[in-house]
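# Fold the following, please.
(chains A and B)
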Amino acid sequence: MRRVVVTGLGLVTPLGADVETTWANILASKSGAGQITKFDTTGQKCLIACEVKPADHEYGFDPGKRVDHKIQRQVDPFIVFGIDAAGQALEDAGLTDMSEEDKLMAGCSIGSGIGGLPGIESESLVLADKGPGRVSPHFVHGRLINLISGQVSIKYGLKGPNHAVVTACSTGAHSIGDAARMIRDGDADIMLAGGAESTVCPIGIAGFAQARALNCSYNDRPEQASRPYDKDRDGFVMGEGAGVLVLEEYEHAKARGAKIYCEVIGYGLSGDAYHVTAPHPDGDGAYRSMQMALKKAGMTPADIDYINAHGTSTMADTIELGAVRRLFGDAIGNVSMSSTKSAIGHLLGGAGAVESIFCILAMRDQIVPPTLNLDTPDEGCEGVDLVPHVARKREVRAVLNNSFGFGGTNASLVMRKID
Amino acid sequence: MSDTADRVKKIVVEHLGVEAEKVTEDASFIDDLGADSLDIVELVMAFEEEFGVEIPDDAAEKISTVSDAIKYIEENKG
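I've put the predicted structure just below:
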């Protein structure tokens, strides 16, 4: 069977415009949260977010580095973040100058949970104020979710599968899992896989706040607002950014002497069939998703050293933890489980990809990232290492990443180090 | 150079992300400045906003160079 390995990584996050800066800030227990600067929050219930920082910030993002000026003007920020992260991943993998033969077998699976909401919002106002004749001719293809995959394929000449997942907050994990399957099935040798999001805009913040999903009670203490598993948690903090991985068929990577981070060995998917926003109270969907990923990997819970949890800082945190406890049994005593959403917020469709990259770096550096603000673990957290406050060195042989989305959609990935 | 020409060139530089010196009067939007047909639609909208003129589709289709745009605007602005 064809095996799938990871050979390149790219990140744009509220804690850095590249992989190493973000990771160093994560391990240093920094928070990317702050007051919203992108728009006037007058009248909003939620005033905070984890924004990608501007270019002049210590770890800000310069869109001009990898995205043409003209494209920046035409597309929503999630596409800009995605193109940049994909470029980073290709550079990291040493694949910016592929042969024509390789390009035919190289594709993209970079999705988003919501897509170009800021542009839909602003162009709707143009329509209302000035009429249809003033709507941008780039409106549609500047907002569509599959246009990261589209733009990246055009920029780098990638002629293989061109795919984009839309499964809310599970998007990033599903994107990686689907892309790995395409490589396994022989559709491609190389896939850029991941997700991006940027919905820090008036309608995005208002919509999630009205759905009672966002934290609205820590507006004066933004860095403490995202607090997964803590008894005082009160909703997620919106993040933005992108994560993209280069997935590659193992023999292809070996033949060209590529740096190999790890193997993508297990992928599980399930549906809750319960409620549009709330997870099933007994964590049944999460349980079956993780169980399938482990089964496909041919592994048992005792083989997993680290779980990057979905852990959004909502009531659902302990439901996920309950599902992990049920699946892991006694093996729960060995595993470390943390939520990096405590540091960078919830990147929605980007979350699963960004967090998979943190899992991979945990294996590379043999250290697990912390859950910030976990001052008083809630009931149900007993006996589980949730890595409160500070990162910790430990053995990390294999990892599990969970992502769950509105609609009751669940995805789990298992990755392991290879010799 | 006329005021109209300056303002047209400024819009072209901003929208197409090209260097100002490349935006000569005989430059073709598509052949010389890297625009596609949708970029021209957007440019025409920007000209309409900037100069308060209406450029109907049949007229817009005939605008292919910087000087075509300047000439149309000079002849039709109020």
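# Please, where are all the strands along the stretch 201-350 of chain A?
A:241-249, A:262-271, A:306-308, A:336-338 (DSSP state E, counting those that start in this stretch).
# what mean pLDDT does the third one have?
Strand A:306-308 shows a mean pLDDT of 98 in the predicted model.
# and if you look at the last one?
Over the span of strand A:336-338, the pLDDT mean works out to 98.
# Please list the outside residues in contact with that strand.
Residues outside strand A:336-338 that contact it (C-beta atoms under 8 Å, 6 or more residues apart in numbering or on different chains): A:305-309, A:311, A:321, A:324, A:368-371, A:384-387, A:392, A:394. In this view, the C-beta of every residue, glycine as well, is placed from N, C-alpha and C.
# Flag every buried residue along stretch A:369-377.
Across stretch A:369-377, burial judged by 16 or more other C-beta atoms under 10 Å in any protein chain shown covers A:369, A:370, A:371, A:372, A:373, A:374, A:377.
# Specify the local secondary structure of the residue lying closest to residue A:92 once chain neighbours are set aside.
Of all residues not flanking residue A:92 in the chain, residue A:8 sits nearest, at 4.0 Å (C-beta to C-beta, 6 or more residues apart in numbering or on different chains). Assigned with DSSP: H, G, I helix; E, B strand; the rest coil, residue A:8 falls in the strand class.
# Could you tell me which residues make contact with residue A:8?
Counted by C-beta under 8 Å, 6+ apart, residue A:8 has contacts A:88, A:89, A:90, A:91, A:92, A:93, A:94, A:95, A:245, A:246.
# you'd agree the fifth one is up against residue A:18?
No - Residue A:92 lies out of contact with residue A:18 (C-beta atoms under 8 Å); the separation is 9.4 Å.
# who has more neighbours, these two?
More crowded of residue A:92 and residue A:18, by other C-beta atoms under 10 Å in any protein chain shown: residue A:92, with 22 against 19.
# what sits against residue A:367?
By C-beta under 8 Å, 6+ apart, the contact set of residue A:367 is A:27, A:391, A:392, A:393, A:394, A:396.
# interface residues of chain B facing chain A?
Within reach of chain A by C-beta under 8 Å from any C-beta of the partner chain, chain B has these residues: B:15, B:16, B:17, B:34, B:38, B:39, B:41, B:42, B:45, B:49.
# and the gap between the residue nearest to residue A:92 and residue A:95?
Residue A:8 is 7 Å from residue A:95, where distance means C-beta to C-beta, to the nearest Å.
# repeat for residue A:120
33 Å.
# These two: which is more packed in?
residue A:95 (22 against 17).
# show me what contacts that one?
Contact analysis of residue A:95 by C-beta under 8 Å, 6+ apart lists A:7, A:8, A:102, A:106, A:190, A:246.
# Setting the sequence-adjacent residues aside, check what's closest to the fourth one.
Residue nearest to residue A:106 in three dimensions, not counting chain neighbours: residue A:190, with 4.0 Å by C-beta to C-beta, 6+ apart.
# same question, the last one
Leaving aside its sequence neighbours, residue A:246 sits nearest to residue A:8 (C-beta to C-beta, 6+ apart; 3.2 Å).
# and residue A:419, how many neighbours?
Neighbours of residue A:419 using other C-beta under 10 Å come to 3.
# low-scoring stretches of chain B, by residue?
Along chain B, segments meeting pLDDT under 70 span B:1, B:78.
# that older thread, ranking the contacts of residue A:95 by neighbours, who comes first?
Using other C-beta under 10 Å as the neighbour criterion, residue A:246 leads the contacts of residue A:95 with 29 neighbours.
# shared neighbours of residue A:92 and residue A:18, which are they?
By C-beta under 8 Å, 6+ apart, residue A:92 and residue A:18 have these common neighbours: residue A:10.
# Residue of chain B nearest chain A, please.
Distance from chain A to each residue of chain B (C-beta to the nearest C-beta) is smallest for residue B:17, at 3.0 Å.
# That residue is in contact with residue A:64, isn't it?
No - at 9.7 Å, residue B:17 does not count as touching residue A:64 under the criterion of C-beta under 8 Å.
# rewinding a little: now go through the contacts of strand A:336-338 and say which are in helices.
Mapping the contacts of strand A:336-338 onto helices (DSSP state H) picks out A:321, A:324.
# okay, now the residue of the stretch 51-200 of chain A found nearest chain B: neighbour count?
At 3.0 Å from chain B, residue A:69 is the closest residue in the stretch 51-200 of chain A, using C-beta to the nearest C-beta. Neighbour count of residue A:69, defined by other C-beta under 10 Å: 15.
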